[in-house]
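[1] predicted structure and sequence below. I'll ask about it afterward.
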Amino acid sequence: MIRFARKEDMSFVLSLIQELADFEKEPDAVIITEEDLLKDGFGVDPKFHCLVAEKVGTIVGMALFYPRYSTWKGVTLHLEDLIVTQSLRGEGYGKDLYTAFITFAAEKRVKRIEWVVLDWNTQAIDFYKKSGAHVLDDWNTVQMDENAIASYVKSSH
């Protein structure tokens, strides 16, 4: 069953986030806490939406996404993470989460959905291409962590 996450799901969501970080070979990258997820996802101004896949009352997968705005297209959605716990991959939960996310986007009439995928995750890339998504190889993801942000601000003043 796919449904929107509730507050009581955030410990499971956090464990899935860590599982994804482990899969992506970044096991120490997760610094967010369950309290952060509760505050940021369920406050007055929620920063994200989260769908969960549930099997017999247990959360086995999630898709976390949030709104963005494109100066070219207008309202878009960014899919930050979609993960199914490793022992249940291949049973359709990932596709169900993916479909629920795209259905939500269609219902909201957004102009585009987007996400990033690691270049070595060929199984995911093939799945996305087969679903009609375009995997762009002429754009690079650019990021600055909080240390780089602080350093830049300090050096620019």
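    Noted; the coordinates are in hand. Numbers count the residues shown, from 1 in each chain.
[2] so which bits of stretch 61-72 are buried?
    By 16 or more other Cβ atoms under 10 Å, the buried positions in stretch 61-72 come out as 61-65. From N, CA and C alone the C-beta is placed, and that goes for glycine too.
[3] do a quick rundown of the helices in this protein.
    Using DSSP state H, the helices of the chain run over residues 10-23, 34-42, 93-108, 122-130, 146-156.
[4] okay if I get the ones you listed as CSV plus mean pLDDT?
    Converted to CSV, the helices of the chain look like this (pLDDT from 0 to 100):
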stretch, mean pLDDT
helix 10-23, 97
helix 34-42, 97
helix 93-108, 97
helix 122-130, 94
helix 146-156, 95
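[5] redo the ones you listed as a markdown table? Include mean neighbour count.
    Output for the helices of the chain, formatted as a markdown table (neighbours: other Cβ atoms under 10 Å):
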| stretch | mean neighbour count |
| --- | --- |
| helix 10-23 | 18 |
| helix 34-42 | 15 |
| helix 93-108 | 16 |
| helix 122-130 | 12 |
| helix 146-156 | 9 |
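[6] output those as JSON lines; include the columns distance to residue 84.
    Formatted as JSON lines, these follow (distance: least, Cβ to Cβ, whole Å):
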{"stretch": "helix 10-23", "distance to residue 84": "8"}
{"stretch": "helix 34-42", "distance to residue 84": "18"}
{"stretch": "helix 93-108", "distance to residue 84": "5"}
{"stretch": "helix 122-130", "distance to residue 84": "12"}
{"stretch": "helix 146-156", "distance to residue 84": "30"}
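[7] state which strand of this protein is the longest.
    Using DSSP state E, we find that the single longest strand of the chain is strand 58-70.
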